[in-house]
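Engineer: Sequence and predicted structure, then a few things I'm wondering about:
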Amino acid sequence: MSTRRLLMIYMLLPVMYFAGCFTNKPAPFLKHGSGRFVFQTDALNAGRPITVFTYLPTGYTPDSPILFVLHGNGRTAQKYRDAWIDIAEENNALLLVPKFSRQDFPLDQDYNMGHMFKMDSHDNILAQNPENMWSYSLVDPIFDFTVKKMRNKSKQYLIYGHSAGSQFVHRFLFFKPNAKVKKAVCANAGWYTMPDFNSLFPYGLKMTRCTAEDLKRVFQKRVTILLGDQDIDPNHPQLRRTPQAMKQGIHRFQRGHTFYNACKQMAESLGVKFRWDLQIVHGVAHSNRRMAPAAGKILFQQNK
């Protein structure tokens, strides 16, 4: 090989090396648009991986807010993600929709009732589960994991739930009062855990770890109970009709008012400022997609 040819090869080696560095650069954790990742840790959900459906907005920066959306009983996390894409894009928010699969969280007790207890089919408490096994114990760690991976500057997150997801969110607030929630919207829950220390869980707080001090903390958070005024079917196939649930009202619209008023009265009795509100979406029945625009406006209002 000629000396000139060898010289050309040596001159090209650094260029080839740096080009290889750029070519082999690790892919970003999340790409713009729709995506997903799997969250699993030995301490919290070993053997129960959580697929988190995501949307990364076009203008994402480390200052972008983070929004959790909790799906309903159908466990259709991907559909919930898709219904919120336009809202996330408009508000430049990183959207996280964790899926609590029927395989790993088969019953209401396991998902929206938090897996806090072992219970029989009549909701009787048989034993307590350790807190690291609660479904509620996964939200903050998913947030912390995402913040680290995305180099996001958020210290708190927004959270929304519809139907069973709304059940999840309002109980999550009660039983995780120190969660990093900036603002929450609970939409169209079928029934509620009332702020009543004399009624047994899941209809009240008796037998749980929630205290009066926890309620004081939660009632000072920004929380909206969001109700569709046409969610009034007393025979909806997924509506719970136990005697305790029926005391809350004959349909979701009534039950939401009952819960809100009970929380307001409890805050007054505890002598703490009540920062929750109740808002109504007119002409909407039991639909996440149709509730989402109103919920998005509430969550992303800058001056509330």
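Structural biologist: In hand now; what should we look at? Numbers count the residues shown, from 1 in each chain.
Engineer: can you tell me the helix or strand for Leu96?
Structural biologist: If you go by DSSP states H and E, Leu96 is part of strand 94-99.
Engineer: So which residues of the protein form helices?
Structural biologist: Secondary structure of the chain (DSSP state H): helices located at 3-23, 77-83, 85-90, 139-150, 164-175, 212-219, 243-246, 252-270, 288-299.
Engineer: Next, format those as CSV and append distance to Lys118, mean neighbour count and mean pLDDT.
Structural biologist: (Each C-beta comes from the backbone N, C-alpha and C, glycine too.) Below are those laid out as CSV (distance: least, Cβ to Cβ, whole Å; neighbours: other Cβ atoms under 10 Å; pLDDT from 0 to 100):
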stretch, distance to Lys118, mean neighbour count, mean pLDDT
helix 3-23, 53, 9, 44
helix 77-83, 25, 20, 98
helix 85-90, 37, 17, 98
helix 139-150, 22, 17, 98
helix 164-175, 16, 25, 98
helix 212-219, 23, 18, 98
helix 243-246, 20, 13, 98
helix 252-270, 26, 18, 98
helix 288-299, 30, 19, 98
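Engineer: Would you format these as JSON lines with distance to Gln156 included?
Structural biologist: Converted to JSON lines, those look like this (distance: least, Cβ to Cβ, whole Å):
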{"stretch": "helix 3-23", "distance to Gln156": "36"}
{"stretch": "helix 77-83", "distance to Gln156": "21"}
{"stretch": "helix 85-90", "distance to Gln156": "17"}
{"stretch": "helix 139-150", "distance to Gln156": "9"}
{"stretch": "helix 164-175", "distance to Gln156": "13"}
{"stretch": "helix 212-219", "distance to Gln156": "14"}
{"stretch": "helix 243-246", "distance to Gln156": "32"}
{"stretch": "helix 252-270", "distance to Gln156": "21"}
{"stretch": "helix 288-299", "distance to Gln156": "12"}
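Engineer: what about those, which gets the closest to Gln103?
Structural biologist: Proximity to Gln103 (Cβ to Cβ) singles out helix 77-83 among those, at 13.2 Å.
Engineer: which residues are in contact with that closest one?
Structural biologist: Helix 77-83 has contacts (Cβ atoms under 8 Å, 6 or more residues apart in numbering) with 34, 51, 53-55, 69-72, 95, 97-100, 162, 165, 288-289, 292.
Engineer: Model confidence score at the nearest residue to Gln244 once chain neighbours are set aside, please.
Structural biologist: Spatially, and ignoring its direct neighbours in sequence, Gln244 is nearest to Tyr203 (4.2 Å; Cβ to Cβ, 6 or more residues apart in numbering). Tyr203 is assigned 98 on the pLDDT scale.
Engineer: So what does Tyr203 look like in phi/psi?
Structural biologist: phi -90, psi -20 (degrees, to the nearest 10).
Engineer: what residues are up against it?
Structural biologist: Contacts for Tyr203 were tallied using Cβ under 8 Å, 6+ apart; they are 191, 193-194, 196, 244-245.
Engineer: Find the nearest non-adjacent residue to Met266, please.
Structural biologist: Pro195 (4.3 Å).
Engineer: How many neighbouring residues does the one you found have?
Structural biologist: Neighbours of Pro195 under the rule other Cβ atoms under 10 Å: 24.
Engineer: Quick check, Arg217 in contact with Lys176.
Structural biologist: No. Counting by Cβ atoms under 8 Å, Arg217 stays clear of Lys176, with 10.4 Å between them.
Engineer: Tell me the buried residues in stretch 148-158?
Structural biologist: Residues 150, 152, 154, 157-158 are the ones in stretch 148-158 that count as buried (16 or more other Cβ atoms under 10 Å).
Engineer: Quick one: end-to-end distance for it.
Structural biologist: Start and end residues of stretch 148-158 are separated by 17 Å (Cα to Cα, to the nearest Å).
Engineer: quick one: contacts of that stretch?
Structural biologist: Under Cβ under 8 Å, 6+ apart, the answer for stretch 148-158 is 29-30, 60, 62-68, 93-94, 143, 146-147, 180-184, 299-300.
Engineer: and with 7 Å instead?
Structural biologist: Around stretch 148-158, the neighbours that count as contacts under Cβ atoms under 7 Å, 6 or more residues apart in numbering are 29-30, 62-68, 94, 143, 146-147, 180-183, 299.
Engineer: Any idea how far that stretch is from the middle of the chain?
Structural biologist: Centroid displacement of stretch 148-158 relative to its chain, using Cα atoms, centre = their mean, to the nearest Å, is 15 Å.
Engineer: For the closest residue to Arg102 other than its chain neighbours, give its distance to Gln301.
Structural biologist: Nearest residue to Arg102, sequence neighbours excluded (Cβ to Cβ, 6+ apart): Arg75, at 5.7 Å. Between Arg75 and Gln301 the computed distance is 30 Å (Cβ to Cβ, to the nearest Å).
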